[in-house]
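S.K.: got a sequence here, can you model it:
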Amino acid sequence: MIRNQRRLGVGLALGLFGALAACDSDSGSSDPLPQDYYDGNESAALGSATNEATCATCHGNTANAEGLPGNTLHNIAYHTGFKGSTDLTLLDGANACVTGWMGGTALTEGDNAWKLLEEYIQSISDTSVTTMNSIQPEVLADLQAYEDKYGSGGDATAGASAYAQSCARCHSGGLTVNAAGAPTRTTLALLSAGEIAQQVRTAGPPPDTGADTTDTRQGPMPFFEVSDLSEQELKDIIAFIKGT
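M.R.: Purely as a prediction, here's the structure:
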């Protein structure tokens, strides 16, 4: 009898503990998870007070993350260098986004936010994958060269789906990156085809190397390399934006 009462008492205590834990979880008082620093509010909060962009805005987390300008974070943790330089660490690469794009304060090795973000990136990475990603913006001679290459030959119907995949998350969602709101499709349509193409291919703040110094529309927008967005896809997107 005594043994059964003890068992009942322990069972009730465990049940009560589980209920309380569930309440804590439901109330949102639980600690953030590593992934929250990739695609959650904690990620956006790494930037300025007005920033809405997260790591997931530009970087996928799977082997075949398509439609995004940034390299996937899948298998990236153990690369020999970042942002095109073997002198930069994973933390340096993250801070390039946190400070250069999102307008936040650089993280340090001791920051809990960095420990959790690093833990998440490592969790989706293979230690044997060490080859550094290249950075290859398509820098042409001048604005007219972009106009000549991308100003015609696009299919607006195909461009609608390409725009939805690669552009709409910012330009149709009114996303604020750092303190700048992404221009709408209507605003983009006022630009020339060459201006759109030049920004898509080369725009962005330092420390991205090789950016087009003649670009008059640089801003908090990562560029799409040809490997991420083909020549025809960009032509199609421009045709859709401009309604041609």
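
S.K.: now do the strands in this structure.
M.R.: Listed in chain order, the strands of the chain (DSSP state E) span 176-177, 180-181.

S.K.: residues in contact with the residue sitting nearest the centre point of the chain?
M.R.: With distances taken as CA atoms, centre = their mean, Cys58 lies nearest the centre of the chain, 2.1 Å away. For Cys58, the contact set (CB atoms under 8 Å, 6 or more residues apart in numbering) comprises 68-70, 97, 101, 222. All C-beta spots, glycine's among them, are computed from the backbone N, C-alpha and C.

S.K.: same list (the strands of the chain) but as CSV, adding mean pLDDT.
M.R.: Formatted as CSV, the strands of the chain follow (pLDDT from 0 to 100):
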stretch, mean pLDDT
strand 176-177, 93
strand 180-181, 90
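
S.K.: what's the most buried one of those?
M.R.: strand 176-177 (a mean of 22; mean count of other CB atoms under 10 Å).

S.K.: mind listing what it pairs with, with the direction of each?
M.R.: strand 180-181 (antiparallel) (DSSP bridges).

S.K.: top of the contacts of Cys58 by neighbour count?
M.R.: Pro222 (24 neighbours; other CB atoms under 10 Å).

S.K.: apart from its neighbours in sequence, what residue is nearest that one?
M.R.: Computed as CB to CB, 6 or more residues apart in numbering, the closest residue to Pro222 that is not its neighbour in sequence is Pro69, at 4.0 Å.

S.K.: what residues does that neighbour make contact with?
M.R.: 58, 166, 221-225, 228-229.

S.K.: what about those residues, which are in helices?
M.R.: Judged by DSSP state H, the contacts of Pro69 include 58, 166 as members of helices.

S.K.: just to revisit the earlier point, and the residue lying closest to the residue nearest to the centre of the chain once chain neighbours are set aside, how far is that from Thr57?
M.R.: Leaving aside its chain neighbours, Cys58 sits nearest to Gly70 (3.6 Å; criterion: CB to CB, 6+ apart). According to CB to CB, to the nearest Å, Gly70 stands 8 Å off from Thr57.

S.K.: pLDDT check: weakest of the contacts of Cys58?
M.R.: Lowest-confidence member of the contacts of Cys58: Pro222, scoring 84 (pLDDT).

S.K.: could you pull out the helices for this structure?
M.R.: 2-26, 36-39, 41-44, 55-58, 90-95, 112-123, 143-150, 156-166, 168-171, 185-188, 193-202, 231-241.

S.K.: turn those helices into JSON lines, columns for mean pLDDT.
M.R.: Shown next, in JSON lines, are the helices of the chain (pLDDT from 0 to 100):
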{"stretch": "helix 2-26", "mean pLDDT": "40"}
{"stretch": "helix 36-39", "mean pLDDT": "98"}
{"stretch": "helix 41-44", "mean pLDDT": "98"}
{"stretch": "helix 55-58", "mean pLDDT": "95"}
{"stretch": "helix 90-95", "mean pLDDT": "97"}
{"stretch": "helix 112-123", "mean pLDDT": "98"}
{"stretch": "helix 143-150", "mean pLDDT": "96"}
{"stretch": "helix 156-166", "mean pLDDT": "97"}
{"stretch": "helix 168-171", "mean pLDDT": "92"}
{"stretch": "helix 185-188", "mean pLDDT": "94"}
{"stretch": "helix 193-202", "mean pLDDT": "93"}
{"stretch": "helix 231-241", "mean pLDDT": "98"}
